[in-house]
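*Asks:* Can you look at this prediction? I've put the sequence above it.
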Amino acid sequence: MIPITEWQKIGVGITGFGVFFILFGVLLYFDSVLLAFGNRHKLRGTGFFLGGVAIVLLRWPLLGMLLETYGFFSLFKGFFPVAFGFLGNASNIPFLSALFRRFQGATSMV
């Protein structure tokens, strides 16, 4: 039998907890009810994005990529003002900060 120190026992316990919570998180992440609840108001963007993936797989890459692009912008349109606002405040380059502030608009969540 291999002797195990107290530190090794603690390490195995912490690793076990980590593996458990990672697996539990993955199971909850792929739960269909939670996915449907979180994505219900973005159904059109999800449909266009996944439809674009299907069209690309059916060998119509240009049309599929256009559908994916529209779906991507439709899904993340609420995030873009926040991202541009952060980039406008974080950069010290005069031209870029003015450009990002213009893109930020009045719909920022900050």
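*Replies:* Done, it's in.
*Asks:* what's the neighbour count on the closest residue to E68 other than its chain neighbours?
*Replies:* Once flanking residues are discounted, E68 sits nearest to G52: 3.4 Å by CB to CB, 6 or more residues apart in numbering. The C-beta positions use only the backbone N, C-alpha and C, and glycine is treated the same way. As a burial measure, G52 scores 22 neighbours (other CB atoms under 10 Å).
*Asks:* I figured G52 hits G71, correct?
*Replies:* Yes: the pair G52 and G71 passes the contact test of CB atoms under 8 Å, sitting 5.9 Å apart.
*Asks:* And the residue nearest to the spatial centre of the chain, how close does it get to T69?
*Replies:* Nearest residue to the geometric centre of the chain (CA atoms, centre = their mean): F76, 9.2 Å. Between F76 and T69 the computed distance is 11 Å (CB to CB, to the nearest Å).
*Asks:* now L75
*Replies:* 11 Å.
*Asks:* Thanks again, I'm all set now.
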